[in-house]
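1. quick one: sequence plus predicted model below, questions after.
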Amino acid sequence: MKYLITSILFILPLIVFGQREKIDDIIAQVGEEIILLSEIEEQFALAAAQQGTEIPSEAKCGIIDQLLSQKLILNQAALDSVIISDEEIETQLNARIDRILSFMQGDVSQFEAYYGKSVNEVKADFRQDLRSQITTERMQSIILGEVKITPAEVKDFFSNIPVDSLPYFNSEVELGEIVYKPKVNDEERLKAMNKAQEIRDRIVEGGEDFAELATTYSHDPGSAKLGGDLGWAKRNTYVSEFEASAYTLENGEISELVETLFGFHILQLIERRGNSIKVRHILISPEITENDLDLAYSKVQEVRNEIAVDSISFSRAVKRFGDDKQQSYNNDGIMVNPATGNGFFEIGDLEPDIYFAIDTLEINEMTAPMKFQSPSGETLYRLVLLKSRTKPHKADLSLDYSRIQKAALESKKNIFINNWVEEKIGTTYIQFEDPYGTCQPIIERWTKSN
C-alpha cells in the first residue's frame with residue numbers, strides 16, 4: 001500500500017480541533033511519537049463530513065496508516081533537530097484565526113458560538129497540532145529537497161498513461177493580476193490621527209475605560225468585541241511599528257499614537273511574560289474617500305497604458321505598483337485558483353465579474369481597471385491579464401505541459417517518500433499498544449522488522 005504524500009500532509013480544518021473531545025487511549029508509538037484514539041476518531045469524522053455520507057469503519061485502517069507515516073516523519077524531525085520557532089507558530093496561528101474571522105465578518109461572538117470557546121481557547125487547542133503540521137511539512141521538504149524532474153521524465157510519465165485514461169480538461173484560462181490599493185489623502189489621515197488622539201486623551205487624562213472605548217470606536221472588528229484584547233503573542237507577530245512600541249511599554253502603560261499601514265493605534269500592555277506580551281489596542285483607520293477611489297482608478301489606468309505601449313513589463317508593474325499583501329504579488333502576478341492550488345481556472349471557478357471582463361479578450365490583453373472588495377472589506381482595484389485560454393480537450397503534452405510536469409514531479413516524490421518510509425520502518429521503534437484488530441495487515445507491515 002502506498003503512502004501518498006498528499007495524504008501524509010493533509011491539513012485538518014480548525015473546526016475539528018476546536019470541538020475536540022480528549023480521548024487519551026494510546027493506539028501506537030513511533031519512536032517518541034504516539035497516536036491517540038482521539039486523532040483517529042477526529043480524522044474519521046472529518047472524512048465522513050467531507051463526503052457528506054457515512055463511511056465504513058474499515059476506513060480507520062487507512063487513517064492509521066497515514067498517521068503512522070506522519071509520526072514517522074515527526075520522529076525523524078526530532079532526531080534531525082528540525083526546530084520551528086514559537087514566533088512562526090504564532091504568526092501562522094493568528095493568520096488562520098483571522099482568516100476564519102474574515103469569513104464571519106469579524107464577528108467574534110459568532111466565532112465563539114460556533115466553536116463553543118473563546119478565540120484564545122481555540123488558539124490554545126490548535127497550537128500543538130499546528131506545530132506538528134508545520135514540523136512535518138518542514139521535514140518532508142528536507143527529505144524531498146533534491147527530488148527534481150527532467151523534461152525527459154515528464155515525457156516518459158505522460159507516455160505511460162494509457163490513452164483511454166488521459167484526463168479530459170474543460171476550457172480553462174490562466175490569469176495574471178496587478179492589485180492596487182488606494183492611497184489615503186492627507187486630510188483623512190489627519191482626521192484619523194486627531195480622532196485617535198482624542199480617544200487617547202479620554203483614557204489618559206479623562207480616566208475612561210480602555211476596553212469600553214475599544215468596543216465602541218476601534219476599527220479592528222476582531223479585537224473590538226474583546227475590548228481590544230489581542231491575546232498572547234511573541235515577537236514578530238505584529239507589524240514592526242506596532243511591535244516596537246508594544247515591547248517598550250510597562251504593564252498597564254498606554255502608548256503614544258502608533259501609525260501603521262492599518263491606521264493609528266493606541267496600545268496598552270496588559271502583561272508581559274519573558275518574550276511574550278498580551279496587548280490590547282484601539283485602531284482608528286483613515287477613511288478612503290470617493291476622490292481617493294477616483295485617483296486610484298486613474299493610476300491603475302495609467303499603469304495599464306504603460307504596459308500596453310511596452311513602457312513597462314507586466315511582471316515589473318506587479319512589483320512596482322501591486323499590493324504586496326496579495327498572494328499573486330509573490331507569484332509574478334499569477335492568480336492562484338483556491339479550488340485547485342494551481343494557476344488554471346475553469347470558467348465555473350471564476351468570479352462573475354472576472355468572467356465577463358475577460359470573455360472577449362485576446363491572449364495577453366488586459367481588462368480595464370476593476371474595483372473589488374477584499375475579504376477584510378477593503379476596496380481595491382486590479383488589472384486582469386489573460387495569459388492563456390484552452391478549449392475543452394484531452395490532456396495534451398504541448399498544451400498542458402506545466403500541469404503534466406507537476407503531476408510527474410508529484411509521482412516521483414511519492415515514490416521517493418514511499419521508499420524513505422519503508423527504509424525507516426526497519427530502523428524505528430514501532431509498537432502498537434492497542435491491536436486495533438481489524439487493521440492487522442497494516443500492523444504487520446509496520447512491525448515487520450521490530
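-> On my side now, so go ahead. Numbers count the residues shown, from 1 in each chain.
2. wait, what's in contact with residue 123?
-> 93, 97, 231 (C-beta atoms under 8 Å, 6 or more residues apart in numbering). Bear in mind the C-beta positions are built from the backbone N, C-alpha and C, glycine included.
3. among those, which ones are in helices?
-> Using DSSP state H, the members of those that fall within helices are 93, 97.
4. pull out the buried residues from the contacts of residue 123.
-> Taking 16 or more other C-beta atoms under 10 Å as the criterion, what is buried in the contacts of residue 123 is 93, 97, 231.
5. I'd say the last one and residue 122 touch.
-> Read that as residue 231. No. Contact criterion C-beta atoms under 8 Å: residue 231 and residue 122 do not qualify, at 10.4 Å.
6. and the pLDDT at residue 11?
-> We have a pLDDT of 35 for residue 11.
7. please apply the same query to the one 5 residues further on.
-> Residue 16 carries a pLDDT score of 43 in this model.
8. ok, now residue 246?
-> So residue 246 comes in at 93 (pLDDT).
9. over to residue 30?
-> The model's pLDDT for residue 30 equals 93.
10. what's the burial count for it?
-> Residue 30 has 24 neighbours, counted by other C-beta atoms under 10 Å.
11. in the stretch 351-450 of the chain, which spans are helices?
-> 352-358, 401-425, 440-446 (DSSP state H, counting those that start in this stretch).
12. how about the second one: buried residues?
-> Of all the residues in helix 401-425, those buried under the rule 16+ other C-beta under 10 Å are 403-405, 407-409, 412-414, 417-418, 420-421, 424-425.
13. what packs against that helix?
-> Here helix 401-425 touches helix 5-8, helix 59-79, helix 119-143, helix 151-159, going by 3 or more C-beta pairs under 8 Å, 6 or more residues apart in numbering; DSSP states H and E.
14. closest one of the contacts of residue 123 to residue 278?
-> Taking C-beta to C-beta as the measure, residue 278 sits nearest to residue 231 out of those, at 6.6 Å.
15. so who does the closest one touch?
-> 119, 120, 123, 278.
16. now residue 300
-> 178, 180, 321, 369, 381, 382, 383.
17. now render these as CSV, adding pLDDT.
-> Listed next are the contacts of residue 300 as CSV, based on pLDDT from 0 to 100:
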residue, pLDDT
178, 97
180, 96
321, 95
369, 96
381, 96
382, 96
383, 97
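18. returning to what we had before: distance to residue 398 and pLDDT added to the contacts of residue 123, as JSON lines?
-> Shown next, in JSON lines, are the contacts of residue 123 (distance: C-beta to C-beta, whole Å; pLDDT from 0 to 100):
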{"residue": "93", "distance to residue 398": "44", "pLDDT": "84"}
{"residue": "97", "distance to residue 398": "45", "pLDDT": "84"}
{"residue": "231", "distance to residue 398": "53", "pLDDT": "85"}
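19. buried deepest among the helices and strands packed on helix 401-425, which one?
-> helix 59-79 (a mean of 20; mean count of other C-beta atoms under 10 Å).
20. for that helix, what is the average pLDDT?
-> Averaged over helix 59-79, pLDDT sits at 92.
21. what's the angle from it to helix 119-143?
-> Helix 59-79 and helix 119-143 are oriented at 70 degrees to each other (axes from the mean of the first three to the mean of the last three C-alpha atoms, to 10 degrees).
22. so residue 192 sits in a helix?
-> Yes. Counting by DSSP: H, G, I helix; E, B strand; the rest coil, residue 192 is part of a helix.
23. go ahead and confirm it touches residue 283.
-> No. Look at residue 192 against residue 283 with C-beta under 8 Å: they stay out of range, at 9.5 Å.
24. what's the overlap in contacts for the two?
-> Counting by C-beta under 8 Å, 6+ apart, the common neighbours of residue 192 and residue 283 are 263, 264.
25. now residue 328. Its backbone dihedrals?
-> phi -70, psi -20 (degrees, to the nearest 10).
26. that one: what's it in contact with?
-> Per C-beta under 8 Å, 6+ apart, neighbours of residue 328: 176, 177, 179, 318, 322, 334, 335, 336.
27. closest one of those to residue 219?
-> residue 179 (21.4 Å).
28. list the beta-bridge partners for the closest one.
-> residue 382 (DSSP bridges).
29. my read: it touches residue 382, true?
-> Yes. Counting by C-beta under 8 Å, residue 179 touches residue 382, with 4.6 Å between them.
30. host element of residue 296?
-> Following DSSP states H and E, one finds residue 296 within helix 290-308.
31. show me which residues of that helix are buried.
-> Within helix 290-308, the residues scored as buried using 16+ other C-beta under 10 Å are 292, 296, 297, 299, 300, 303, 304, 306, 307.
32. same check on stretch 207-214?
-> Quick answer for stretch 207-214 (16+ other C-beta under 10 Å): 210, 213, 214.
33. need the contact list for the second one.
-> Taking C-beta under 8 Å, 6+ apart as the criterion, residue 213 is in contact with 199, 202, 203, 282.
34. what's the local residue count around residue 248?
-> 11.
35. and what of the one 3 residues further on?
-> If you count neighbours by other C-beta under 10 Å, residue 251 ends up with 11.
36. hmm, it is touching residue 268, no?
-> No. Applying C-beta under 8 Å, one finds residue 251 not in contact with residue 268, separated by 9.3 Å.
37. so which of the buried residues of stretch 207-214 are in helices?
-> Those of those mapping onto helices are 210, 213, 214, per DSSP H.
38. which one of those residues is nearest residue 25?
-> Closest to residue 25, out of all of those and judged by C-beta to C-beta, is residue 214, at 44.0 Å.
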